[in-house]
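Chemist: fold the following and give me the result.
(2 chains, ligands or ions: 1)
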Amino acid sequence: MGLIRNLQPERSSEQDEPSRFEEAILPHLDAAYNLARWLTRNDQDAEDMVQEACLRAFKSFDGFYGVKAKAWLLTIVRNTCYTWLGKNRVHDLSTSLDEDVHQAESHVPDPQALLLRFEDNQALRQALEELPAEFREVLILRELEGLSYKEIADVTGIPQGTVMSRLARARGRLKLSLADRMKKER
Amino acid sequence: MNCQEVRILIDGYVDGELDPIRNQEVEQHFRTCPVCLTVYNSHRALRTALRTGSLYRTAPPALRNRVQSSFKPASTWKSLMGSPQWRWAAAAASLALVSVLTWRVALLPPTQTADDRLIQEVTASHVRSLMVSHLVDIQSSDRHMVKPWFTGKLDFAPSVADLIEQGFPLVGGRLDYVNGRAVAGLVYKRREHVINVFLWPSAAAVETRPLAHQGYHLVCWTQSGMTYWAISDLNSRELQEFVQLLQNQTPR
Ligand SMILES: [Zn+2]
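Modeler: Reported below is the predicted structural model:
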């Protein structure tokens, strides 16, 4: 980190701080809100999370050296959300990780019908919302934010190797959930 | 590689995170195993659905404003704000800074300039492309299909960028007519928003400039002897992000 810091221009004065901060943060406000919205599943709570996260980010701005602003902000947003979930939605965080849905995918009865099911936005949105937070977040970070495994590992604090298996479980669960809905409707 | 190994790696494959050798091994397996191929195809379909399914939640404008206003420089200038004059100066400076930081919309001069005419032409072409369901002449998300399609139809070869990883999938290409000449029209999407990019050769050198007209956002610039215009109803910030990505992928 020392090297990177040396490459950054020296701060000329105190006045530059807010503007430097805005330049780093504002381009990623949608990403921050998107993650917070999917983690809290509520508009107002998401706004509160983002505001609080921005404040935290501003306070710890000294620790930020101008690289990877997006991952940096998302890390703070995620931590803020998890603290809040721990206080307000504990059940969202508890999941049994041992059950193996990864293999279950080949048991999905009708893959062709499932493909059509993907096009039903409403069902997809609901299935995604009902996923446990740890699966929901990796899908949001990968598919909606386009983050790499390395970046997802940075944001979530899980090892890079675990990112792949968690994404696999998340996708498996999502497909199973959509298949279940299909069965129930028949 | 057997099925079990492939199933473990299939997400890494879909996400483009495998090393080239494993990548090839997985592909080889798909050629001989329809079961794993089905899993792969459904993974891809799920990805497309997630990326195109309007699931992205953008920050409400009110939140953006609140965040922005809470970090105005005025708050660090408290020591200077004793006299009314200083307060005015601080307010004016803060306003100026905000207008620089937020998306700049260039003010158009009152007289009809060449730029005005181009803005109107580009906007008209954009609107037309949306209205008459003639968005593209060649529909493909593969730039290697779209680029050669222009060969023989234009007196230049437009460069076509692939930005699907960044969330701006290519929809296709179209011949259009702007500035008194045939131009290349490239169509990208961001969620439900269509982005039209027009380009043609020119000797002009213009810095990247954001504009607004009739509720659309536009960006014009020159690069590698080409004039570019991008237009969309997408918010200006994401359009600027798109333009930057496009500029980075265009050979200089
Ligand atoms: Zn197989």
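Chemist: below-threshold pLDDT in the stretch 1-150 of chain B: ranges please.
Modeler: Along the stretch 1-150 of chain B, segments meeting pLDDT under 70 span B:71-113, B:131-133.
Chemist: repeat the analysis, applying 80 as the threshold.
Modeler: B:53, B:68-116, B:127-134 (pLDDT under 80).
Chemist: and if you look at chain A?
Modeler: A:1-23, A:59-68, A:90-120, A:182-186.
Chemist: spatially central residue in it, please.
Modeler: residue A:137 (3.5 Å; C-alpha atoms, centre = their mean).
Chemist: pretty sure that one is in a strand, no?
Modeler: No - per DSSP: H, G, I helix; E, B strand; the rest coil, residue A:137 lies outside any strand segment and is helix.
Chemist: ok, it - contacts?
Modeler: Taking C-beta atoms under 8 Å, 6 or more residues apart in numbering or on different chains, we find residue A:137 in contact with A:35, A:38-39, A:78, A:156. C-beta here means a position set from N, CA and C on the backbone, and glycine is covered the same way.
Chemist: please report phi then psi for the closest residue to residue B:149 other than its chain neighbours.
Modeler: Excluding the flanking residues, the one nearest residue B:149 by C-beta to C-beta, 6 or more residues apart in numbering or on different chains is residue B:138, at 4.4 Å. The phi and psi values for residue B:138, taken as degrees, to the nearest 10, are phi -120, psi 120.
Chemist: how near is residue B:138 to residue B:146?
Modeler: Between residue B:138 and residue B:146 the computed distance is 6 Å (C-beta to C-beta, to the nearest Å).
Chemist: can you pull the domain assignment for the chain?
Modeler: Answering for chain A, as no chain was given. A:17-92, A:101-185 (automatic domain parsing).
Chemist: ah, I was thinking of chain B
Modeler: B:3-54, B:61-107, B:114-249.
Chemist: could you export those domains as TSV, including mean neighbour count?
Modeler: What follows is the domains of chain B, written out as TSV (neighbours: other C-beta atoms under 10 Å in any protein chain shown):
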stretch	mean neighbour count
domain B:3-54	16
domain B:61-107	14
domain B:114-249	17
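Chemist: need the ones you listed in TSV with distance to the ion, can you?
Modeler: Listed next are those as TSV, based on distance: least, C-beta to the ion, whole Å:
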stretch	distance to the ion
domain B:3-54	3
domain B:61-107	47
domain B:114-249	26
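Chemist: those: which one's closest to residue A:27?
Modeler: Minimum separation from residue A:27 across these (C-beta to C-beta) falls at domain B:114-249, 6.7 Å.
Chemist: now that closest one: how far from the chain's centre is it?
Modeler: Distance of domain B:114-249 from its chain centroid, counting by C-alpha atoms, centre = their mean, to the nearest Å, is 9 Å.
Chemist: what do residue B:138 and residue B:146 both touch?
Modeler: B:172-173.
Chemist: quick one: the residue nearest to the centre of chain A and residue A:121, what's the gap?
Modeler: Residue A:137 is 20 Å from residue A:121, by C-beta to C-beta.
Chemist: distance check, residue B:151 against chain A.
Modeler: In this structure, residue B:151 and chain A are 31 Å apart, going by C-beta to the nearest C-beta, to the nearest Å.
Chemist: you'd agree that residue is up against residue B:157?
Modeler: Yes - the criterion here is C-beta atoms under 8 Å, and residue B:151 meets it with residue B:157 at 7.0 Å.
Chemist: the closest residue to residue A:41 other than its chain neighbours: what's it in contact with?
Modeler: Closest residue in space to residue A:41, ignoring its immediate chain neighbours: residue A:129 at 5.6 Å, by C-beta to C-beta, 6+ apart. Contacts for residue A:129 (C-beta under 8 Å, 6+ apart) come out as A:38, A:41, A:136.
Chemist: just give the number of residues close to the last one.
Modeler: The local packing of residue A:136 (other C-beta atoms under 10 Å in any protein chain shown) involves 21 other residues.
Chemist: and what of the one 10 residues further on?
Modeler: For residue A:146, the tally of surrounding residues (other C-beta under 10 Å) stands at 14.
Chemist: contacting residues for it?
Modeler: B:165-167.
Chemist: hmm, try it at 10 Å
Modeler: Applying C-beta atoms under 10 Å, 6 or more residues apart in numbering or on different chains, we find residue A:146 in contact with A:31, B:51, B:164-167.
Chemist: isn't residue B:250 right up against residue B:160?
Modeler: Yes - using C-beta atoms under 10 Å, residue B:250 makes contact with residue B:160 at a distance of 9.3 Å.
Chemist: which neighbours do the two have in common?
Modeler: By C-beta under 10 Å, 6+ apart, the residues touching both residue B:250 and residue B:160 are residue B:199.
Chemist: so which of the domains of chain B is nearest residue A:26?
Modeler: With C-beta to C-beta as the measure, domain B:61-107 is the member of those nearest residue A:26 (6.7 Å).
Chemist: for residue B:170, grab phi and psi.
Modeler: Per degrees, to the nearest 10, the backbone of residue B:170 is at phi -70, psi 130.
Chemist: okay, and the beta partners of it?
Modeler: On the basis of DSSP bridges, residue B:170 is bridged to residue B:188.
Chemist: the helices in chain B, which residues?
Modeler: With DSSP state H as the criterion, chain B has helices at B:3-14, B:20-32, B:34-52, B:61-69, B:84-101, B:114-131, B:143-149, B:236-249.
Chemist: and of these, who's closest to residue B:214?
Modeler: When these are compared by C-beta to C-beta, helix B:114-131 sits nearest residue B:214, at 5.8 Å.
Chemist: for the closest one, name the packing helices and strands.
Modeler: On a contact count with 3 or more C-beta pairs under 10 Å, 6 or more residues apart in numbering or on different chains; DSSP states H and E, helix B:114-131 meets strand B:170-178, strand B:181-190, strand B:193-201, strand B:209-213, strand B:216-223, strand B:226-232.
Chemist: and those, which one is worst for confidence?
Modeler: The minimum mean pLDDT among the helices and strands packed on helix B:114-131 belongs to strand B:209-213 (a mean of 85).
Chemist: next, the angle from that one to helix B:114-131.
Modeler: For strand B:209-213 against helix B:114-131, the angle by axes from the mean of the first three to the mean of the last three C-alpha atoms, to 10 degrees is 60 degrees.
Chemist: so does strand B:209-213 get close to chain A?
Modeler: No - with C-beta under 10 Å from any C-beta of the partner chain as the criterion, chain A is not reached by strand B:209-213; the gap is at least 14.0 Å.
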